[in-house]
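S.K.: one predicted model, sequence on top.
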Amino acid sequence: MRRIFAAPVFAIVLAGCTPAPIGTPVPSGAPAVLGISAEVTAVVDGDTIDVRTAGGTERVRIIGIDTPEIGRDGTADKCYAQEAREYVYDALYGRTVTLYPDPTQDDVDRYGRLLRHVLVDDRSIAVDALVAGMGYEYTYAAPYGGQDAHKAAQEAAAAAGAGLWSACE
């Protein structure tokens, strides 16, 4: 049986706030959602992690990034799949992150993974990984909070030939 976060999520409106730093999933002036702390217990690939919260263990699909697929059932890895997984592993494994739902996105994807922005040290892992060239900006169902920062990160990585942008055809 699928477990859903039991922790409450509260929406607050920030009045007179300063612009959000790059990587913050909620644009400045928009309603903000309080995040939930979680410990990263596994890194499945460059865009999927397992976390432990007060409510249990969940699989999370990181909003705003798609990384090359790791081969399953005898199929070969896509170019840069292992590098993307290793990047996220080094950045997140064993660490406490903050998970933010995005009101523009579904709560879960078709595979039952929670769709969340993931921040570590107040930085978006998706934006950081995009800057490093670990994947591509990805819009799941509708534009999401912080999408412009994700797109700008991908453009910068492509222009610099970072990561997969120089290693993969």
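M.R.: Perfect, thanks for sending it.
S.K.: sketch out the low-pLDDT regions of the protein for me.
M.R.: 1-33 (pLDDT under 70).
S.K.: so where's the longest strand in it?
M.R.: When the chain is parsed with DSSP state E, its longest strand is strand 36-45.
S.K.: residues of it that come out buried?
M.R.: Across strand 36-45, burial judged by 16 or more other Cβ atoms under 10 Å covers I36, A38, V40, V43, V44, D45. C-betas here are computed from N, CA, C, even on glycine.
S.K.: list of residues touching that strand?
M.R.: 5, 7, 9, 49-53, 57-60, 67, 69-70, 81, 84-85, 88-89, 92-100 (Cβ atoms under 8 Å, 6 or more residues apart in numbering).
S.K.: got a PyMOL select line for the buried ones in these?
M.R.: Selecting only the buried entries of the contacts of strand 36-45 in PyMOL, with 16+ other Cβ under 10 Å as the criterion:
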select buried, resi 5+49+50+51+53+58+59+60+67+70+81+84+85+88+89+92+97+98+99+100
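S.K.: from the buried residues of strand 36-45, pick the one nearest A142.
M.R.: I36 (21.9 Å; Cβ to Cβ).
S.K.: perfect, that will be all.
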